[in-house]
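Asks: Provided below for reference: sequence and predicted model.
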Number of protein chains: 6
Amino acid sequence: MKILVINPIGHSKWDNQDKKIYESFVSPGTTVDVVSLPQGPITVESPEAYAEVIPLVIKRVLEYYEKYDGFIINCFLDPGVKLLRGIIRKPVIGPCEASMSLASLITDKIGIVSVGSALWMIEDHIRSLGYANRLIGLEGIDLGVLDLDKDLELTISKIVERSKKLIDRGAEVIVLGCTGFAGLARKIEEHINIPVIDPAGAAVKILESLIKLNIYNPRAATIIKQ
Amino acid sequence: MKILVINPIGHSKWDNQDKKIYESFVSPGTTVDVVSLPQGPITVESPEAYAEVIPLVIKRVLEYYEKYDGFIINCFLDPGVKLLRGIIRKPVIGPCEASMSLASLITDKIGIVSVGSALWMIEDHIRSLGYANRLIGLEGIDLGVLDLDKDLELTISKIVERSKKLIDRGAEVIVLGCTGFAGLARKIEEHINIPVIDPAGAAVKILESLIKLNIYNPRAATIIKQ
Amino acid sequence: MKILVINPIGHSKWDNQDKKIYESFVSPGTTVDVVSLPQGPITVESPEAYAEVIPLVIKRVLEYYEKYDGFIINCFLDPGVKLLRGIIRKPVIGPCEASMSLASLITDKIGIVSVGSALWMIEDHIRSLGYANRLIGLEGIDLGVLDLDKDLELTISKIVERSKKLIDRGAEVIVLGCTGFAGLARKIEEHINIPVIDPAGAAVKILESLIKLNIYNPRAATIIKQ
Amino acid sequence: MKILVINPIGHSKWDNQDKKIYESFVSPGTTVDVVSLPQGPITVESPEAYAEVIPLVIKRVLEYYEKYDGFIINCFLDPGVKLLRGIIRKPVIGPCEASMSLASLITDKIGIVSVGSALWMIEDHIRSLGYANRLIGLEGIDLGVLDLDKDLELTISKIVERSKKLIDRGAEVIVLGCTGFAGLARKIEEHINIPVIDPAGAAVKILESLIKLNIYNPRAATIIKQ
Amino acid sequence: MKILVINPIGHSKWDNQDKKIYESFVSPGTTVDVVSLPQGPITVESPEAYAEVIPLVIKRVLEYYEKYDGFIINCFLDPGVKLLRGIIRKPVIGPCEASMSLASLITDKIGIVSVGSALWMIEDHIRSLGYANRLIGLEGIDLGVLDLDKDLELTISKIVERSKKLIDRGAEVIVLGCTGFAGLARKIEEHINIPVIDPAGAAVKILESLIKLNIYNPRAATIIKQ
Amino acid sequence: MKILVINPIGHSKWDNQDKKIYESFVSPGTTVDVVSLPQGPITVESPEAYAEVIPLVIKRVLEYYEKYDGFIINCFLDPGVKLLRGIIRKPVIGPCEASMSLASLITDKIGIVSVGSALWMIEDHIRSLGYANRLIGLEGIDLGVLDLDKDLELTISKIVERSKKLIDRGAEVIVLGCTGFAGLARKIEEHINIPVIDPAGAAVKILESLIKLNIYNPRAATIIKQ
């Protein structure tokens, strides 16, 4: 099983690190490659950046279409994912919908911690996915995506602080609402006593499930349009 | 009051005609300009084309931001409209949300007639706008957007036939679900006895309302980000 | 375009002032007349008064039916509006549904400030219109309708205080939930930094839109029943 | 326990017959009186008649307030019922809400058969009560209320025919959606094999329950306002 | 009219007391018997106990099927009630659904006070009944079911304290969410000024209504399957 | 990773076959065991059987709790699954919720084909899971569970026929709504051109995902209660 993770950004700085994180979640026999875009924004934190990457992500998937069994768009806003379901007949998944889908299986009191710059876009996305009534709350930490790995302990402590706020309001699971938080779930769990869902982990496990079960996108009129 | 209508396509073939249609709906004192994109798809009928125009529409609005009081994105999929609400503090509106908003004021049994090529994208959009439970049905005619004005009588007769099908299922208003149908509402109404909503007309009347009442987008952090 | 505003009360004390407020919102070419009821309550703040005016409003509309293109029932409870849609084939609108409709176009986090005497009736009405899940909150000021213009600065400061409470809870737009607040939106906006929707303004702009687009009430079996 | 049934019409032609029907449902120890309005429409089949009776019903309840333990407004549109909950602290009930409430306890596939003249008003009422998603369908027979008892066999056969149509679409219970059908449930059940709910029976049993359990309307600020 | 109340527990300690409480609510002519299970848990406060009693309750109803006109399963989790609707053609009711049904008739701001040990099961049940959007909140007192009658004044004061918390959040009616609270409604009402619904009272009044109106369960394919 | 599949029936006739089917879906390194109940019904097709197995399933999971990383209850009604989430802190999953979860990721037009004997129980379960508004329809074939493997070609042709009916109504994915259909998805797909979801496959892939990501049930107060 061959999976391609697309970083919807215009640089490959995080590709190797993301490859390691994704590989930590795959089943034996699955290989993961990570590519970014030939051009694009540095991060996806603004509506302009989000808009910019939507068509670029689609083009990138189509370039690699033949070589992979399924695709992950590595951003919690799931850019292009829904539209790709009308274009190709192979599974495509985003970390947000995958995380919410797994979280919903254990509770309907979900808390999300993300970065603070674009919470309304996440909230809109959650609503359009149909999970609004399962959302206890959405909290952002006051760090930009570029700053997340500058002081990892600080990042973790901020996520923990926001998670506790959500737990006080009734959250029974915390979803890490930014792919920049990928790989941190186990560390967050050391500080709180409810499960924490890793968005990269959720995406890759769900994608493997769809590939194995041959669940493709039924809307695409042809195998591929290029 | 100065309004800019953006045709989210890469040619200006329909700009003059659309300008006339929009001018037929404006209040005295409102001027309308129509521009298309410097580059882009010929029509917005596929998910690829829809994705492509989202960032282009945002750029186009930002280029003209200073000169106009409000903006209409002239496509029934409302591309870029929701994201623009997080970018600029001037009103932006799309024909679909405007039409559904007015239709909802007179009934909760709405029928939409569009072109057949991308009904699932419209359906998804209606759902994300929160109007799914007011939708009696969504029907498409079997003509592409480029063919609509080749034989206008044929186009009208096909729209009428689909409208009647929706009326049989209980529709109390017909929304013309394609900006290529703009200007045809009165002609369709000659054949059916319920109101028909023109998407261009709805968009411009709602935009004038928002401008007059100073209802801007509250999410944009600054007046404009460029 | 000729519009009739009906004050659903038994005196004409506010008719002239309301005419000026409504005229401040209309498009060039629109004329507005304001009439009250031949008899009726002094204000519509109790369930008894609300019930009393429902049939009186319908009668009043039917008396003036021929002379106007559309009708506004000038009370935030929209008395008689929904039933009139089954009686006449000309547009009728209420300030509440018009305001909520426009507010919904820019956000789903709406706050309403009204007078405190009958909040549950407004809440019920919002729910029956289908906007309950977009309501951040409904707050009332502790002044009766008759006292609103006694000390306008006091009234404004009370509305501002309640608006700020709603903004703290996440409201992204404030709807003025009483037609006695009509004309105050701009003054409230000086104190808060989100849009404020004037109920009279919303009603008249939406009504002009419906008239211009020929969107009438489809349920009425005949043009008019008298 | 003393119950007053108010016929929201301007004549007392059906009062005796309704008294007998209601008495057939009450528990031992409950007495029922039936009064109509001093003036009012002959039947409540049009939006104008519905509007007219709303304030009249409220006045009638207030006139008899002291003498009874609870009140039924004998019309399937439940005119005035919701508003009365903000006026008096004694229970008031309508046949529609009572019937839907009991029907919902055994299934969420409810069919309603009513008279054809004002189905949209019933549909609106069902929606505002929150039962829309439990409604399989609403069918009307082509007889006016005044004609129902002219040929009772004909009336029954028409109700049965409509009920069967709803059963074909999945209905698991039939609600008789007109108080003019009161007393016919058992006869309808002879022809179909699912339960049929009598609107008068439902109203009186629910009202007795509310009185016995001392469940009054919490919104009314004082015991009574006159 | 003969009603059987089934205590879904393995001892008959509370049967006599429950019989008296139920008898205090019945109409003249109704007789109530109370039986518990031949074996089963001491209380139903854990998911294991809830699961255990579901098939036992069904068996118990079937044993007594011939002798009674209707059945109440005397636990606020309504164990087995929904499934029994597919097995027998006589009415079966649970205290939770009955209480919520009556509460919904007077308000959509319902507060529930229960015991603290299994609030999530009640919350799940409320949601599956479709009342989640009418729930202001669900609060538990820190006493086990076995301790409720040890110090009745303490129990009452704890329920009152929780009720007041719910009233502060907007509750307009309090539902006593544990059949161990049956008989206390009037005493709680002395301390708060909104109605309090007794779960046993609600169940028996609704069941009498269903029996009187011949509203049985339509899904059961045969009269009885044993 | 060690998974236990529990057949909620009182015989082990299908255990070996189910083991093979489940093994065909697992990732390398996952072992699957299948056990049935020491006693119990032959199939779970009636509400009595469904009730009977709920406590037995819970007991069976607790017996094997230490030895496995997660549990599947192999019946499309997911008996005991929700309650087990309040008892143990290891993941438990049912085929229905797993299938619906994966189906929802690719479309909101889901069709289910099951056996005809207990469709209302499945429908109730789908509703309580929150997927009702994504359900195009639920169809049953006229074969009992015991007859499914008597003539496999007949079974397949009946499932295909029902699937086509659902596709005609708009279904974009077919969920096989009976674990007796496990292993047939690929064969059904040969006859229709949309994806078919295998309930056993969905359950095991989702369970592996939950185990790998350490997503446990947050409600259980202790690791295990026995």
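Replies: Sure thing, it's come through. This is a predicted model, so every value here is computed, not measured.

Asks: show me where pLDDT drops low in chain A?
Replies: Within chain A, the ranges that satisfy pLDDT under 70 run A:221-226.

Asks: show me where it has strands.
Replies: Assigned by DSSP state E, the strands in chain A fall at A:2-7, A:31-36, A:70-73, A:92-93, A:110-115, A:135-141, A:173-176, A:196-197.

Asks: chain B contacts on chain A?
Replies: A:46-48, A:50-52, A:54-55, A:58, A:80, A:82-84, A:86-87, A:118, A:120-121, A:124, A:127-128, A:219, A:225 (Cβ under 8 Å from any Cβ of the partner chain). Any C-beta I mention is one placed from the backbone N, CA and C, and that applies to glycine too.

Asks: just the buried subset of those, written out for PyMOL, thanks.
Replies: A single PyMOL command selects the buried members of the residues of chain A next to chain B (16 or more other Cβ atoms under 10 Å in any protein chain shown):
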select buried, chain A and resi 46+47+48+50+51+52+54+55+58+80+82+83+84+86+87+118+120+121+124+127+128+219
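
Asks: which of the residues of chain A next to chain B are close to chain C?
Replies: residue A:127.

Asks: helices - which of the residues of chain A next to chain B land there?
Replies: A:47-48, A:50-52, A:54-55, A:58, A:82-84, A:120-121, A:124, A:127-128 (DSSP state H).

Asks: nearest to chain D, of the residues you listed?
Replies: Using Cβ to the nearest Cβ, residue A:127 comes nearest to chain D of those, at 19.3 Å.

Asks: need the contact list for the closest one.
Replies: Residues in contact with residue A:127 (Cβ atoms under 8 Å, 6 or more residues apart in numbering or on different chains) are B:128, C:108.

Asks: over to residue A:211?
Replies: Neighbours of residue A:211 in contact, by Cβ under 8 Å, 6+ apart: A:1, A:3, A:69, A:70, A:91.

Asks: what about residue A:39, how many residues nearby?
Replies: Look at residue A:39: counted by other Cβ atoms under 10 Å in any protein chain shown, it has 10 neighbours.

Asks: so how far is residue E:125 from it?
Replies: With distances taken as Cβ to Cβ, to the nearest Å, residue A:39 is found 54 Å from residue E:125.

Asks: could you break chain A into its assigned domains?
Replies: A:2-94+A:203-212, A:96-198 (automatic domain parsing).

Asks: list the contacts for the residue nearest the centre of chain A?
Replies: Most central in chain A under Cα atoms, centre = their mean is residue A:95, positioned 2.4 Å from the mean C-alpha point. Going by Cβ under 8 Å, 6+ apart, residue A:95 touches A:72, A:74, A:75, A:76, A:78, A:179, A:182, A:199, A:200, A:202, A:203.

Asks: in helices, which of those fall?
Replies: Per DSSP H, the contacts of residue A:95 map to helices at A:199, A:200, A:202, A:203.

Asks: check contacts around the residue nearest to the second one when sequence neighbours are not counted.
Replies: Looking back up the chat, that one is residue A:200. The shortest distance from residue A:200 to any non-neighbouring residue, by Cβ to Cβ, 6 or more residues apart in numbering or on different chains, is to residue A:182 (3.7 Å). With contact set as Cβ under 8 Å, 6+ apart, residue A:182 has these partners: A:18, A:21, A:95, A:176, A:198, A:199, A:200, A:201.

Asks: residues contacting the residue in chain A positioned nearest to chain E?
Replies: Residue of chain A nearest chain E, by Cβ to the nearest Cβ: residue A:108 (7.6 Å). Shown here is residue A:108, whose contacts under the criterion Cβ under 8 Å, 6+ apart are A:133, A:134, E:127, F:130.

Asks: can we see that at 7 Å?
Replies: Contact analysis of residue A:108 by Cβ atoms under 7 Å, 6 or more residues apart in numbering or on different chains lists residue A:134.

Asks: and residue A:199, by the same measure?
Replies: Residue A:199 neighbours (Cβ under 7 Å, 6+ apart): A:76, A:95, A:96, A:99, A:176, A:179, A:182.

Asks: mind checking how far the second one is from residue B:47?
Replies: The one in question is residue A:95. Residue A:95 sits 21 Å away from residue B:47, going by Cβ to Cβ.

Asks: got it, and residue A:115?
Replies: Relative to residue B:47, and taking Cβ to Cβ, residue A:115 is found at 28 Å.

Asks: same thing with residue A:17?
Replies: 31 Å.

Asks: what's the answer for residue A:217, then?
Replies: Distance from residue A:217 to residue B:47, by Cβ to Cβ: 11 Å.

Asks: show me what contacts residue A:209?
Replies: Applying Cβ under 7 Å, 6+ apart, the residues contacting residue A:209 are F:102, F:205, F:206, F:209.

Asks: can you rerun that using 8 Å?
Replies: A:215, F:102, F:202, F:205, F:206, F:208, F:209.

Asks: thanks again, I'm all set now.
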